[in-house]
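In: Here's my sequence, what's the structure:
(2 chains)
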Amino acid sequence: MGSARTSTSTLATLRGYIECIETQGVAMAGRIALGHSEADAALQGGLARGVLHEVFAKGGRHSAAASGFIAGLTARVSARRPLVWVRQDFCEIESGALSMHGLAEIGLDPRALVAVRAVDVESALRTAADALACDALGAVVLEVWGEARPLDLVASRKLTLAAQTSGVTGLLLRLAAEPAPSTAESRWIVRAAHSPPDASWSEWGAPRFDAELVRNRHGPTGRWIMEWKCDECLFSETADPQPVAAAPAHRPHQAGVVLRRAG
Amino acid sequence: MDAKVTPSRLTPSRKSASDFADLPLSGGGEKPSVVVIKENNALQLYALDDAAARQNLAIGMPLANARAICPHLKVYDAEEAADAKALNDIADWCDRFTPLVALDAPHGLFLDITGCAHLFGGEAALLRLLCDALTVQGFAVSAAIAATAICARTMTRHVHGRIVADGEEAGAVSPLPVSALGVSDVITNGLRRAGLKTIGDVASRARHEITARFGAAFTTRLVQALGQGDAPISPRKPPPDYIAEQRFAEPVATDTVISATLSRLAVTLIASMEKQGKGARRLEASFFRTDGVVRTLQVDTGQPVTRPAVVDRLFHERLDALADPLDPGFGFDLIRLAASRTEIVVQQQHDLDSHVHDNDELAALIDRIAARIGSRRVVVHLPEETHIPERAVLAAPAQHALAAAAQTAWPARTKGEPPLRPLRLFARPEPIKVPLATVPDGPPHHFTWRRADHTVVRVEGPERIAMEWWKQDGKVLTRDYFRVEDETGLRFWIFRDGLYGSELKDAKGDPVAANWFVHGLFA
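Out: Numbering: from 1, shown residues only, chains lettered A, B, ... in the order given. Here you go, the predicted structure:
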């Protein structure tokens, strides 16, 4: 009995060490709080910089919501530094081009944005990897439509390495795609959320997202309704919690250390 | 390398003119062959080979006459576009001798070889090299070197390989027939009728007489042919500001050698520009193949380049991304790197000001991406003075407009309001189906977009945007925009094209149904 307790505590200590080692690199790059307290708690203080994050639109219809969510993340992490938004030509046809006035309304400065229109996924990937290696940038967004074969584990590993070296945050916007293994730090699935049911006519229309955190390398997952405050430039809780599927109460940190590597 | 020729020059300016009878006919077949072209609705001889010339056929003769003289004539149609392309390709090849190559259509070239001849062992050696290489390729060449372009051209019309020394132009040209001047038939015939057979005869007459009879343009041509005046040639490309080139005794074909050569040339080029405080804005790498094909790659930069490593990397990106890779064929025997646009560089201290450093890095990144996928695909955005949503933003190439975009003022958002403009905007508004049962000028309750039905739960609007009647002709319709949210929380920016009743009515004045469009999607 006594020996079992000792081994449990030793194991816990060791796990603590491993956690320290694993989070060290990320802690150096820093974390940016999103503003939504539960999400920040799940993310251990906020969105990590200098790594790759993935945002999936739930089907092609929610592409604008996912774009809004990623614009919000970008505004949080980029800290007014230049921003490169790489997108595939097909995205523009299918779900519309990024509108600069719309971005300005969300709170992102269009002056800081350099847009790259890539013909196909390969050239978009290459451009994004190139941009991620440039440490003058605040963030790089890569927007890809559909199931992209070139965007495999190797490609995402390359992007992650580039991001870690330069400290630039990579944000991957996947429209009409299903999640696949990757080396991303976090993965979100975003849907559009209703405006509050009792909002007056002038108050509805603020960007609201039903954001589901389905992968989090250093903490639990969850699902929250988030509202983007355009003026304050941060996410916040909604006044009226809408009924959504219950989030897993707690995901142990040490669950699947080996599986983590495989994405 | 000064192309300008002035009478008070110190180094003699030398021109070389080459004339090609670029026909596939120069082989000595038994049957005479001619090329014909349709002029004034009749087929005329455009070019002929030696066998045909021996039969006393002449250029300009009607085909019917030629057939009468020589019944077994082989006839080909002239292809002027292909001829022009061939001449252009030859001009590309001639770039290896001098950067100043001018076309003299339909089948001549001028080369300004001032200060270039010694690189090839003198004028005679240069002329021999040029003519031999072209003869090997199957062209019949006639070339001459003289102080003025027109004098050289006049010589090529009659003798091949003549080098006219400075001051001897008049003596060289005088014995030639007037047709060698290359003026119109009317003037040539007029001169002949007047008994003036050679250029010397014409030159011996008083100039005012000739001008009165044949016009000032002819006199000018005559003066130029005699070497007493010069006209500038108009080169195909502006001469680059700086050139570095590498010739190979043995042709090179491997990628490693090519990229190593480019790096070496970049060092030389940048060193020569650095002495004068210049940086390159446009770089051209030319690859001269042994078989005469020339491939030129161009790279533009947003900021003047002053480091060889940057040049190297830009060309590396460019070569990497070529859709049709550089084909060395039997190898390149000359690789040239030229800076065709340069700018004065202001030296900045980078280490203490991180902002300047960041901007440089961003500009360098943009250059690299643009070198690979094209500068039109890397854009920054500038606001436009218009209310029409799809025209409110101008996407300008980031290489040129980066500084301008950083300083523009975008309309500020209204505090406390939800976004009034959608995050994603369709370049072309997409039609939606709206049932007729709604209030005529109100928002719809249902609509169908991309085959999916949406029930409208919330509406805000209309925001009326009138089209620019002062710019557009004809009927332009006013749009009423609505922000709507459907039952799943998706938000759309939809509009009705035209005002019900006042703009949308048929010939009898009865109102007609409006077209609805979705123009954007809100986050």
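In: can you pull the contacts of the residue in chain B that chain A sits nearest to?
Out: Distances from chain B to chain A, computed as Cβ to the nearest Cβ, single out B:A523 as the nearest residue at 2.2 Å. No exception for glycine: its C-beta is placed from N, CA and C like everyone else's. Applying Cβ atoms under 8 Å, 6 or more residues apart in numbering or on different chains to B:A523 gives the contacts A:64-65, A:67-69, A:71, A:102, A:106, A:192, A:207, A:209, A:228, B:419, B:423, B:491.
In: at 7 Å what do you get?
Out: Applying Cβ atoms under 7 Å, 6 or more residues apart in numbering or on different chains, we find B:A523 in contact with A:64-65, A:67-68, A:106, A:207, B:423.
In: Spatially nearest residue to it (excluding sequence neighbours)?
Out: A:G68 (2.2 Å; Cβ to Cβ, 6 or more residues apart in numbering or on different chains).
In: and the stretch 1-150 of chain A, which residues reach chain B?
Out: The stretch 1-150 of chain A comes close to chain B at residues A:61, A:63-65, A:67-68, A:71, A:82, A:95-106, A:110-111, A:113-118, A:123, A:127, A:130-131, A:134, A:136, as judged by Cβ under 7 Å from any Cβ of the partner chain.
In: how many other residues sit next to whichever residue of chain A sits closest to chain B?
Out: With Cβ to the nearest Cβ, the shortest gap between chain A and chain B falls at A:G68, namely 2.2 Å. By the measure other Cβ atoms under 10 Å in any protein chain shown, the count of residues near A:G68 is 28.
In: Do I have it right that it meets B:L423?
Out: Yes - if you go by Cβ atoms under 7 Å, A:G68 and B:L423 touch, sitting 5.4 Å apart.
In: residues in contact with the closest residue to B:A466 other than its chain neighbours?
Out: Once flanking residues are discounted, B:A466 sits nearest to B:T478: 4.8 Å by Cβ to Cβ, 6+ apart. Going by Cβ under 7 Å, 6+ apart, B:T478 touches B:464, B:466-467, B:498-499, B:503.
In: Find residues that contact each of A:G68 and B:L423.
Out: Common neighbours of A:G68 and B:L423 are listed as A:106, B:523 (criterion: Cβ under 7 Å, 6+ apart).
In: if I look at the residue of chain B closest to chain A, how far off is A:S37?
Out: Look at B:A523 and A:S37: by Cβ to Cβ, to the nearest Å, they are 22 Å apart.
In: same deal with B:P99?
Out: As judged by Cβ to Cβ, B:P99 and A:S37 stand 68 Å apart.
In: So A:I225, which state does it fall into?
Out: strand (DSSP: H, G, I helix; E, B strand; the rest coil).
In: actually B:D333, not the one I typed
Out: Per three-state DSSP, B:D333 ends up strand.
In: What is the burial count for it?
Out: 18.
In: Quick check: it touching B:D291?
Out: No - contact criterion Cβ under 7 Å: B:D333 and B:D291 do not qualify, at 9.8 Å.
In: filter the contacts of B:A523 to the buried ones?
Out: Buried members of the contacts of B:A523, scored by 16 or more other Cβ atoms under 10 Å in any protein chain shown, are A:64-65, A:67-68, A:106, A:207, B:423.
In: Just the residues you listed: which are in helices?
Out: Those of those mapping onto helices are A:64-65, A:67-68, A:106, per DSSP state H.
In: any idea which of those residues is closest to A:S166?
Out: Closest approach between these and A:S166, by Cβ to Cβ: A:S67, at 24.1 Å.
In: With adjacent residues omitted, what lies nearest to that closest one?
Out: Nearest to A:S67 is B:L423, by Cβ to Cβ, 6+ apart, at 5.5 Å.
In: what sits against the one you found?
Out: A:64, A:67-68, A:71, A:99, A:102-103, A:106, B:521-523.
In: Just send those residues back as a markdown table, with pLDDT and distance to B:H400 too.
Out: Putting those into a markdown table (pLDDT from 0 to 100; distance: Cβ to Cβ, whole Å) gives the following:
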| residue | pLDDT | distance to B:H400 |
| --- | --- | --- |
| A:A64 | 93 | 31 |
| A:S67 | 94 | 27 |
| A:G68 | 94 | 31 |
| A:A71 | 94 | 26 |
| A:S99 | 93 | 23 |
| A:G102 | 92 | 25 |
| A:L103 | 92 | 22 |
| A:I106 | 90 | 27 |
| B:L521 | 93 | 31 |
| B:F522 | 92 | 32 |
| B:A523 | 86 | 31 |
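In: list the contacts for A:H36?
Out: Here A:H36 is in contact with A:224, A:226, A:235-237 (Cβ under 7 Å, 6+ apart).
In: which pair in those spans the largest distance?
Out: So, these by Cβ to Cβ: farthest apart are A:W224 and A:S236, at 10.6 Å.
In: higher neighbour count, the two?
Out: Taking neighbours as other Cβ under 10 Å, A:W224 and A:S236 compare with A:W224 leading, 23 against 15.
In: can you pull the pLDDT of that one?
Out: At A:W224, the model reports a pLDDT of 92.
In: On the strand side of things, show who it bridges to.
Out: A:A211 (DSSP bridges).
In: now do the one 10 residues further on
Out: Residues in a beta bridge with A:L234, per DSSP bridges, are A:K229.
In: Could you list the buried residues of stretch B:411-426?
Out: Result for stretch B:411-426 [16+ other Cβ under 10 Å]: buried residues B:413, B:418-426.
In: between those, which is closest to A:P181?
Out: Out of the buried residues of stretch B:411-426, the member with the shortest distance to A:P181 (by Cβ to Cβ) is B:R424, at 28.4 Å.
In: tell me the contacts of the closest one?
Out: Contacts for B:R424 (Cβ under 7 Å, 6+ apart) come out as A:63-64, A:67, A:95-99, B:520-521.
In: I'd like to know which of the residues you listed are buried.
Out: Buried, going by 16+ other Cβ under 10 Å: A:63-64, A:67, A:95-99, B:520-521, out of these.
In: Closest one of these to A:L171?
Out: A:S67 (10.8 Å).
In: got a list of what that closest one touches?
Out: So A:S67 contacts A:173, B:423-424, B:523 (Cβ under 7 Å, 6+ apart).
In: Residue numbers of the stretch 251-400 of chain B in contact with chain A?
Out: Residues of the stretch 251-400 of chain B lying near chain A (Cβ under 7 Å from any Cβ): B:358, B:361-362, B:365-366, B:368-369, B:373, B:377-381, B:392-393, B:398.
In: make it 10 Å
Out: B:317, B:320-321, B:354-355, B:357-366, B:368-370, B:372-374, B:376-383, B:389-390, B:392-395, B:398 (Cβ under 10 Å from any Cβ of the partner chain).
In: In ChimeraX, how would I select the buried members of the residues you listed?
Out: Selecting only the buried entries of these in ChimeraX, with 16+ other Cβ under 10 Å as the criterion:
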select /B:317,358,359,362,363,364,365,366,368,369,370,372,373,377,378,379,380,381,382,383,389,392,393,395,398
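In: What about the residues of the stretch 251-400 of chain B next to chain A, which are in strands?
Out: B:378-383, B:393-395 (DSSP state E).
In: can you give me the helices in the stretch 51-200 of chain A?
Out: A:63-78, A:89-95, A:100-106, A:121-132, A:153-166 (DSSP state H, counting those that start in this stretch).
In: Could you identify which of those helices is most buried?
Out: Ranked by mean neighbour count, those are led by helix A:63-78 with a mean of 26 (mean count of other Cβ atoms under 10 Å in any protein chain shown).
In: Can I get that one in CSV? Just the C-alpha atoms.
Out: These are the backbone C-alpha positions of helix A:63-78, laid out as CSV (Å, rounded to 0.1, in the frame of the first residue of the first chain):
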residue,chain,number,x,y,z
SER,A,63,-17.1,29.9,-43.8
ALA,A,64,-17.8,33.5,-42.9
ALA,A,65,-18.2,32.6,-39.2
ALA,A,66,-14.9,30.8,-39.3
SER,A,67,-13.3,33.7,-41.1
GLY,A,68,-14.6,36.0,-38.5
PHE,A,69,-13.3,33.8,-35.7
ILE,A,70,-9.9,33.6,-37.3
ALA,A,71,-9.9,37.3,-37.8
GLY,A,72,-10.5,37.7,-34.1
LEU,A,73,-7.7,35.3,-33.2
THR,A,74,-5.4,37.2,-35.6
ALA,A,75,-6.3,40.5,-34.1
ARG,A,76,-5.5,39.1,-30.7
VAL,A,77,-2.1,37.5,-31.5
SER,A,78,-0.7,39.9,-34.2
